[in-house]
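S.K.: just the structure for this:
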Amino acid sequence: MQLRSLPHRLLLATGATLLVVAPLSAGLAAATPNPTGTTWTGGKPLPPAPGLGLHRNEDGEPGMGATPTGQFWIASDIAPYAADDPRVDPVAGVLSGADIWTSTDGGKTYKWVADPFAEAQNSFGLAGEDTDLAVAPQKNSKGFYNVYATSLWIGDSGLAWSSDGGKTWQLNRLGGTPTQDRPWLAADGPCTIYLGFHQLPTFTPVFDSYDVCSNGNVPTSSGAALDPVNETQLTASDFPGLSGSFNKFVVDTSPTSKFRHNLYQPMSVCKTQTETDLITNANSSNCPQGTQYVVAVSTDRGQTFSYHKVALDKSGATLVWAATVATDASGKLYFTWSDSKNSYLNTSTNGGKTWSASTKINLAGTAAVYPTVAGGGAGRVDVAWYGTPRAGDSNDAKKMGPPTKKGSTPWAVYVARSTNGGRTFTIRKVTGTIHLGVLCTHGSGCNGDGSRNLLDDFGIAISPKTGLDSISYTADMPSGVPGKAFTGFTTEQGKAIRAVAHRALASQSTGGSGGGASLAATGAPTGLAVAGLGLLLTGLWLRRRRLATY
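M.R.: Alright, predicted model coming up:
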């Protein structure tokens, strides 16, 4: 059912700059003009897997990447709440598989490629939650760029990868530390894939590296696991819950960067001083003592890490998977995060050791959550977020209105672009309305009222060939029903990006400066974590699980 159109056009004026954005309709917008001369496809669902009788996919939380030749790839969970997808087993539910799509026309269209985690056609798989994707930056011996997807495999992670452009897929259970949670991927060279995850029950972040060319020929049917070349625990967060929350990491693969092969892991760490703080942090989706954003840096390909402060959010808010990081071709780092009201950017030019002050990147009078960042050529950075033309906490029903209800504030995907290293930006609205009302950022602590239909993360990639963006996101409009949510995409079309007009942004401190000192250890000691673990484990497990939300 289509909802009645909201006001036709939103005008945002800042100084002498006038930004004209797409119509705020309840459906998905048509292509819209951009001052740079490019247009966006406006947003539409990715095609469903064939043979299932679905009108559109019912996936969520997409991850994406692009080959050096500009071929985009997307992987997304087959959502455990999907109402119509026959691959969602009514008993297993959460372990439903994952879909993969690709675009060979610059993101204008996508085609479904595979559900590599399925055990049999049209059936659920033994993986399917917390899916992510990465693409190798160099060709393998066959002349293709390896494509990797990961998804939780009961207690561990599974890796599906293709060495022939998606024609066939190898599926491996991954060895290493068991009881894994929320895996992320990043690729380097033709054959190296890094996996980062939380180890349960302590939620300690762990890094594994695998070489699929030398030891990847381990078929799932053999029952053997693909063992890591190296495994490292990130010891700055040895305690459970929100105290060690982390997001998708990045590896610098640029041949022109002096930091090439460095790994950067964004983290949000509650300032924990007492056992009471630990319990409060883990159960309330906030950090009363403040949220310290941190980057863990490895200069030896994941064997060891150092820890550096990025920004302190004194509001104490913390999102599930709050921060993301990217590098440009020169090796400059870009770190984004949100306080559930606005989104911020910090930059580093020395490999993450020190950081700039925090700069708010969304306009005054708006809200912006779940920023995700991508780097391109030297000085090029694009940040996408879920945004609305109403200021306030995205979790506040008084400000935002009831979730999924007509008249509540409309959310869309926005993009801020800079070609001068984050000093100035242009901002675009690149989809129509994807959600209405409260947008909950508290993970499985959210109510089952539709406020968390968009889940927790999404993807943006810049084509190395054209400099144009493609974005994959989760949406629940026009239905507003959890089981009808889907993974959509919107892509920039036009001539290759050469230069962009800018709107200056003032640096707005959030009460803490950029980092500077190395963070040797943050939060409570390990002994405190052990003392509180028995009180927290059951609640943390239920809070984190996707299925508990619906």
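S.K.: tally of neighbours for A367?
M.R.: Around A367 there are 26 other residues, counting by other Cβ atoms under 10 Å. C-beta: built from backbone N, CA, C; applies to glycine.
S.K.: please read the previous query as pertaining to S315.
M.R.: 16.
S.K.: what about the residue lying closest to it once chain neighbours are set aside, distance to P371?
M.R.: Spatial nearest neighbour of S315, excluding adjacent residues (Cβ to Cβ, 6 or more residues apart in numbering): D339 at 5.0 Å. Applying Cβ to Cβ, to the nearest Å, the value for D339 to P371 is 11 Å.
S.K.: the two: which is more packed in?
M.R.: Higher neighbour count among D339 and P371: P371, with 27 against 24, using other Cβ under 10 Å.
S.K.: which residues does that one contact?
M.R.: By Cβ atoms under 8 Å, 6 or more residues apart in numbering, the residues touching P371 are T324, T336, W337, S338, S343, Y344, L345, I361, V383, A384, W385.
S.K.: how far away is the residue nearest to S315 from G63?
M.R.: Using Cβ to Cβ, one obtains 24 Å as the distance from D339 to G63.
S.K.: could you do M477 as well?
M.R.: For M477, the distance to G63 - Cβ to Cβ - is 22 Å.
S.K.: now Q233
M.R.: Computed as Cβ to Cβ, the Q233 to G63 distance reads 23 Å.
S.K.: so which of these two has more stuff around it?
M.R.: Between Q233 and G63, G63 has the larger neighbour count (other Cβ under 10 Å), namely 26 against 15.
S.K.: show me what secondary structure element comes after the one helix or strand the more buried one maps to.
M.R.: Per DSSP states H and E, G63 falls inside strand 59-66. Counting by DSSP H and E, the element after strand 59-66 in chain order, helix or strand, is strand 72-78.
S.K.: how about the CA coordinates for that next one, as CSV?
M.R.: As requested, the backbone C-alpha atoms of strand 72-78 are provided in CSV (Å, rounded to 0.1, in the frame of the first residue of the first chain):
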residue,chain,number,x,y,z
PHE,A,72,30.4,-4.1,-7.5
TRP,A,73,29.5,-7.0,-5.2
ILE,A,74,26.9,-7.1,-2.4
ALA,A,75,26.2,-9.8,0.3
SER,A,76,23.3,-9.7,2.7
ASP,A,77,21.6,-11.8,5.3
ILE,A,78,18.4,-13.6,4.4
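S.K.: tell me the buried residues in that strand?
M.R.: For strand 72-78, a neighbour-count test (16 or more other Cβ atoms under 10 Å) marks F72, W73, I74, A75, S76, D77, I78 as buried.
S.K.: check these and tell me the two furthest apart.
M.R.: The widest separation within those, taken as Cβ to Cβ, falls between F72 and I78 and amounts to 19.9 Å.
S.K.: any low-confidence regions in the stretch 1-150 of the chain?
M.R.: Along the stretch 1-150 of the chain, the parts satisfying pLDDT under 70 run over 1-36, 89-95, 119-127.
S.K.: just the helices in it please.
M.R.: Counting by DSSP state H, counting those that start in this stretch, the stretch 1-150 of the chain has no helices to list.
S.K.: for it, which segments count as strands?
M.R.: 11-14, 17-20, 39-40, 44-45, 59-66, 72-78, 98-103, 111-114, 129-135, 147-153 (DSSP state E, counting those that start in this stretch).
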